[in-house]
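S.K.: curious how this folds, go ahead:
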Amino acid sequence: MPLVSARTIYERARAGGYAVGGFDAEHLDMVKAILEAAEETRSPVIVFLWEADIASAGQGYLEAIVKHAAAQASVPVAIFLDHGTTFQSCLQAVMNGHTGVMIDASHLSLDENIARTRQVVDVCHMLDAMVEGEIGTVRRTFEKVGDYAEETVFTDPAQVERYTRESGVDALAISIGTESGLYEAPPQLRFDLLAEIRKCTDVYLVLHGGSGTPPDQMRRAVEGGVSGFRFATEMRLAFFETVERRRRELGLENPDSRLILGPARNAAKELIKQRMEQMGCANQACTDGLCPPFCPPAEKHATMTPARAGTPNTDVLVELLTKTLRKELSV
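M.R.: As a prediction, this is how the structure comes out:
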């Protein structure tokens, strides 16, 4: 099916009482692993493309792969920019087909974070793309320098209401004890903090650093109001460990990439399938009229909206704005 609205996927996750998986893809085989896992578990899925990976691959390449794969899929698929750092990168992502963007200004002051996020929201909402912001920081264990390398800063509930109201975001990445990368010890999520945050806002709550998070803590987070988890490290480790093992097994005289990348893709896929089961999104891949019996009636939840579908007047506005932005960004 065509790409669908990321907002619709989150709406249905909330209505169904489960969380949706956001899986970072940096190459063709990871995209295939993610979508094959979604097909085999009948899960809605959001493919996240990290700003740094987009820059490495080149503008539009990863998006083209995801869009091609989504067109052949029978489950809902959305593309979402992960950790966009500038207004321009967020708009560029929407121009390239993302149905949602994350603007990460969490390392700035609250006032600066609100201002930068609001700038993105104002334009992306006109283009029917949802926006995720962030308060607090999730430490990246794989980085030695930078704004996120040193420490985790928990989300301050006292800032949440003002930030979400003034910025206009649809989703909020929060920091309650997860880390991006490998954990030195199993995390102990701050569910008391999650409860306080949930009282302050009704936007969708998202946890980055899903890799390595124990399944029981994931389920408890969903019960506490988390609608999405972000995964990257554990998938990549599964992929590359298999690449290295298969390369040793085959020997230098057999450089057949199919015999190396195929098993690596399957290793990542199996791990992704496990996460989909743990989040509760397996068997939730609604297409209108084909919802599982425990889902709300179709008329009571969001229609599975194709990306940037709207009224004729809205479409004209989007077309004019898109042309202007493409000219400004020299797309």
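S.K.: quick one: the helices in this protein?
M.R.: Under the criterion DSSP state H, helices of the chain are mapped to 6-16, 28-41, 51-57, 61-72, 87-95, 110-126, 157-167, 191-200, 215-223, 233-250, 258-279, 312-329.
S.K.: including mean neighbour count, could those helices go into JSON lines?
M.R.: Every residue, glycine included, has its C-beta placed from N, CA and C. Written out in JSON lines, the entries for the helices of the chain read as follows (neighbours: other Cβ atoms under 10 Å):
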{"stretch": "helix 6-16", "mean neighbour count": "23"}
{"stretch": "helix 28-41", "mean neighbour count": "22"}
{"stretch": "helix 51-57", "mean neighbour count": "16"}
{"stretch": "helix 61-72", "mean neighbour count": "18"}
{"stretch": "helix 87-95", "mean neighbour count": "21"}
{"stretch": "helix 110-126", "mean neighbour count": "18"}
{"stretch": "helix 157-167", "mean neighbour count": "18"}
{"stretch": "helix 191-200", "mean neighbour count": "17"}
{"stretch": "helix 215-223", "mean neighbour count": "17"}
{"stretch": "helix 233-250", "mean neighbour count": "17"}
{"stretch": "helix 258-279", "mean neighbour count": "20"}
{"stretch": "helix 312-329", "mean neighbour count": "12"}
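S.K.: what's the offset of the strand ranked longest in the chain from the middle of its chain?
M.R.: Longest strand in the chain by number of residues (criterion: DSSP state E): strand 77-84. On the basis of Cα atoms, centre = their mean, to the nearest Å, strand 77-84 is displaced by 5 Å from the centre of the chain it belongs to.
S.K.: between it and helix 110-126, how many degrees?
M.R.: Comparing the axes of strand 77-84 and helix 110-126 via axes from the mean of the first three to the mean of the last three Cα atoms, to 10 degrees yields an angle of 150 degrees.
S.K.: export strand 77-84 to PDB, keeping only CA atoms.
M.R.: The C-alpha atoms that make up strand 77-84 are tabulated as PDB, following Å, rounded to 0.1, in the frame of the first residue of the first chain:
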ATOM      1  CA  VAL A  77       4.200   1.900   6.600                       C
ATOM      2  CA  ALA A  78       5.300   5.500   7.400                       C
ATOM      3  CA  ILE A  79       8.700   7.200   7.100                       C
ATOM      4  CA  PHE A  80       9.900   9.400   9.900                       C
ATOM      5  CA  LEU A  81      13.000  11.600  10.200                       C
ATOM      6  CA  ASP A  82      15.000  10.700  13.300                       C
ATOM      7  CA  HIS A  83      16.900  13.400  15.300                       C
ATOM      8  CA  GLY A  84      16.600  16.200  12.800                       C
END
